[in-house]
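> Got a sequence here, can you build the structure:
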Amino acid sequence: MFGIPGKQAVTMTPAAVAQVRRLMDRDNRAGLRIGVKKGGCAGMEYTMEFVDAAEGNDEVVEQDGARVLIAPMAQMFLFGTEIDYRSSLLESGFHFNNPNVSDACGCGESIKFKDVEELQAERGAS
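Alright, predicted model coming up:
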């Protein structure tokens with residue numbers, strides 16, 4: 001895992017916990033796997049999918065019965081992120097408050113991360 005010993009990689013707001021648990025229970029799934037991939041106007045996009053089981057190198061975060069699995073390649077980019085769930089008349093969905101993002105596009109679907117060296121320096125990694 002890339003991070004700080006004893007600290008969870010991500011946290012969830014009560015609204016996110018409730019939504020993840022609701023979807024896990026409804027579909028009898030093991031948890032929500034989150035990751036990142038190349039794409040979008042800013043260069044990267046979040047990925048999310050409910051899965052039946054964790055993969056070998058997933059970072060597993062459990063909070064109040066909700067389980068988030070972080071794909072190995074995304075762990076460095078998601079460390080310190082707070083996941084929220086918002087619902088309004090126009091849209092509902094998960095939102096990421098991610099301290100590792102240096103820029104985002106206007107549509108809110110695409111992000112750019114700080115350089116790997118900068119992320120490692122912030123966490124004291126070599």
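> Going by C-alpha atoms from here, please, whenever you check contacts or count neighbours.
OK.
> what helix or strand does the nearest residue to residue 66 once chain neighbours are set aside sit in?
The shortest distance from residue 66 to any non-neighbouring residue, by Cα to Cα, 6 or more residues apart in numbering, is to residue 21 (4.9 Å). For residue 21, the host element (DSSP states H and E) is helix 14-27.
> Taking helix 14-27 as reference, get the angle to the next helix or strand after that helix.
Using DSSP H and E, the helix or strand that follows helix 14-27 in sequence is strand 31-38. Strand 31-38 and helix 14-27 are oriented at 110 degrees to each other (axes from the mean of the first three to the mean of the last three Cα atoms, to 10 degrees).
> pLDDT (mean, whole number) over whichever helix or strand comes after strand 31-38?
Tracing the chain C-terminally past strand 31-38 and defining elements by DSSP H and E, one meets strand 44-51 next. Mean pLDDT, computed over strand 44-51, is 88.
> Extract the C-alpha set from the helix or strand just after strand 44-51 and format it as PDB.
The C-terminal neighbour of strand 44-51 among helices and strands, as given by DSSP H and E, is strand 59-63. In PDB, the C-alpha atoms belonging to strand 59-63 read as follows (Å, rounded to 0.1, in the frame of the first residue of the first chain):
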ATOM      1  CA  GLU A  59      -6.500  -2.000  -0.800                       C
ATOM      2  CA  VAL A  60      -9.600  -2.700   1.200                       C
ATOM      3  CA  VAL A  61     -11.200   0.100   3.300                       C
ATOM      4  CA  GLU A  62     -14.200  -0.800   5.500                       C
ATOM      5  CA  GLN A  63     -16.200   1.900   7.200                       C
END
